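> have a look at this prediction, sequence included:
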Amino acid sequence: MRAEKDGTPGTRLRRVAVLFLALFVVAETGHARIFKDMAGLQVSLERPPARIVSLAPSLTETIYALGAQESLVGVTTLCDYPPEARRKAKVGGMVNPSLEAILRLRPDLVLATTEGNRGETIAELTRLGVPTYVVSPKSLAGVLESVRRIGELIGREETAGRVVADLARRRDRIVEATRGRPTPTVLYLVWADPVIVPGGCCARRCAPGIRRSRTRC
């Protein structure tokens, strides 16, 4: 069969069809932004999220600090600050949130943390197609970075910048006020039963007794 010339109706029709498909793909994905979270996973959002579920008290407080509490539709049973957070719908605890409760809230974003949420929970939410963004704040610098990233994620970059700058100033004032003073040994008890403390091996050196307990450090 002889190939059709560029100007024939069949060729023009195919070109129109290809153009239509290309425009359809652009319309579907052209406005999506790809974010890489602090666990190295990618999250795609077409617009700033309007229905957010938080899986940790620190993330709930961050949303309030950024002034985005109207978009917060679900929190854990441990999210009690600010007091208004207690009135938000509950999805269960940090370690064992209910996937059914989360899905009922129809979130367009779930915020999770490596410091309290199970990897299985995050993986299952991702498998179900729920955009899930993970933070991993292992230091004060990591906390500031997580606030900045969440601000960018939800369209509150300027507010996040102000919050981070204020926290950094407060940190610097404390560093200056304590300069030259002895550094005390501190054990921060996150949970009493089972005993949970931050700091890993450092915490175990400070309090050897917790080595014998079932401790997540």
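In hand now; what should we look at?

> which parts of this protein are helices?
9-29, 57-65, 99-104, 119-127, 140-153, 157-177, 201-206 (DSSP state H).

> check contacts around residue 111.
Contacts for residue 111 were tallied using C-beta atoms under 8 Å, 6 or more residues apart in numbering; they are 52-56, 59, 63, 132-133, 135, 150. In short, each C-beta sits where N, CA and C put it, glycine included.

> and for residue 118?
Contacts of residue 118 by C-beta under 8 Å, 6+ apart are 95-96.

> check residue 84 too.
Counting by C-beta under 8 Å, 6+ apart, residue 84 touches 64, 69.

> apply 10 Å and report the result again.
By C-beta atoms under 10 Å, 6 or more residues apart in numbering, the contact set of residue 84 is 64, 69, 72.

> burial of the nearest residue to residue 94 once chain neighbours are set aside, as a residue count?
Distance criterion C-beta to C-beta, 6 or more residues apart in numbering; nearest residue to residue 94, sequence neighbours excluded, is residue 116 at 4.4 Å. By other C-beta atoms under 10 Å, the residues close to residue 116 number 19.

> residue 116 contacts residue 79, doesn't it?
No - the pair residue 116 / residue 79 is not scored as a contact, 11.5 Å apart, by C-beta atoms under 10 Å.

> identify the contacts common to those two.
By C-beta under 10 Å, 6+ apart, residue 116 and residue 79 have these common neighbours: 55-59, 94.

> shaky segments in the chain?
1-31, 199-217 (pLDDT under 70).

> domains of it?
Under the assignment automatic domain parsing, the domains of the chain span 33-177, 185-217.

> out of those, deepest packed?
Compared across those, domain 33-177 shows the largest average neighbour count, a mean of 17 (mean count of other C-beta atoms under 10 Å).

> from one end of that one to the other, what's the distance?
One end of domain 33-177 sits 42 Å from the other (C-alpha to C-alpha, to the nearest Å).

> if we can go back for a sec, just the contacts of residue 111 now: which is nearest residue 39?
residue 135 (8.1 Å; C-beta to C-beta).

> list the contacts for the nearest residue to the closest one once chain neighbours are set aside?
Distances taken as C-beta to C-beta, 6+ apart place residue 146 nearest to residue 135, at 4.0 Å, with adjacent residues excluded. Counting by C-beta under 10 Å, 6+ apart, residue 146 makes contact with 37-38, 58-59, 62, 111, 113, 133-137, 160, 164.

> closest one of those to residue 192?
Within the contacts of residue 146, the smallest distance to residue 192 is 19.1 Å, found for residue 58 (C-beta to C-beta).

> the closest one: what's it in contact with?
78-79, 81, 111, 113, 115-116, 135, 137, 143, 146-147.

> so how far is residue 180 from it?
Per C-beta to C-beta, to the nearest Å, residue 58 is found 31 Å from residue 180.

> before we move on, what about residue 37?
Note on residue 37: its distance to residue 180, by C-beta to C-beta, is 39 Å.
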